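**Student:** Provided below are the primary sequence and the corresponding predicted coordinates.
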Amino acid sequence: MLKIWGRANSINVQKVLWTCAELELGFERIDAGMQFGVNNTPEYKVMNPNGLVPLIDDGGFLLWESHTIVRYLARRYGSGNILPTDPQPAADVDRWMEWYNTTAWIVMRPIFWGMIRTPEAQRNLAEIEDNRSKLAQYLAIADAHLAKHTFFAGDTFTLADIPLGVLAHRWFVLPITRPELPNLFHWYQRVSARPGFQTHCASALS
Ligand SMILES: N[C@@H](CCC(=O)N[C@@H](CS)C(=O)NCC(=O)O)C(=O)O
């Protein structure tokens, strides 16, 4: 049975759990990270020297980095539906997964940490606002893209929708000012209705 280390409220763990649900893949999840510890033990660091979650063990094959994990699971257990095998559609999926890592998450992280994991009195409101404003501009790019596409990488749901789906959840749930981005909102409604999102990603932010 596939083993996944990581606390259920971690955005990177949620990507893996949602992917497993899309692939109808069973797994055992072991709580690790933040209040659960585990990830800082020497035993864990042998498996993942970064001391971060998620980490998977698939029959003795150890893997960390959430996007690498979800691609691996899709290649190993999928049938090309959530990760196309043709180079160009596959690159389209990769493009948006990279964009999440290099662009959108960079500015969402300080907003999320500032508003959810920092006591109110210690929040850096200027930093939160600066990143909120940048993210609004980035998400306008996504909104324009989604005016012409049902999902990020075309007309069907793919891995590209998973990282951006959990990020969009934070964007739409946090009490922040949001410009009108109707295409992004309707896409978020579509992806967040999926059973895998509802089971693993819809809980209150913490
Ligand atoms: N690039 C890594 C980032 C992993 C990461 O930053 N994980 C966070 C949780 S989202 C973590 O392990 N934090 C330490 C902790 O939870 O104790 C990935 O995508 O897997």
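**Tutor:** Yep, it's here. Numbering: from 1, shown residues only.
**Student:** can you pull the buried residues of the helix or strand harbouring residue 130?
**Tutor:** Using DSSP states H and E, residue 130 sits in helix 125-146. Buried positions in helix 125-146, judged by neighbour count with 16 or more other Cβ atoms under 10 Å: 128, 131, 132, 134, 135, 136, 139, 142, 143, 145, 146. All C-beta atoms are positioned from the backbone trio N, CA, C, and that covers glycine.
**Student:** What number of residues are in the vicinity of residue 120?
**Tutor:** For residue 120, the tally of surrounding residues (other Cβ atoms under 10 Å) stands at 7.
**Student:** Over in this protein, which residue gets nearest the ligand? Let me know.
**Tutor:** Using Cβ to the nearest ligand atom, the closest approach of the chain to the ligand is made by residue 33 at 2.8 Å.
**Student:** follow-up on the earlier one: contacts for the helix holding residue 130 next, please.
**Tutor:** For helix 125-146, contacts defined as Cβ atoms under 8 Å, 6 or more residues apart in numbering pick out 103-104, 107-108, 110-111, 114-115, 152, 164, 168, 171, 176-179, 181-184, 186-187.
**Student:** and these, which are buried?
**Tutor:** Burial of those was assessed by neighbour count (16+ other Cβ under 10 Å); the buried members are 104, 107-108, 110-111, 114-115, 152, 164, 168, 171, 176, 181, 183-184, 187.
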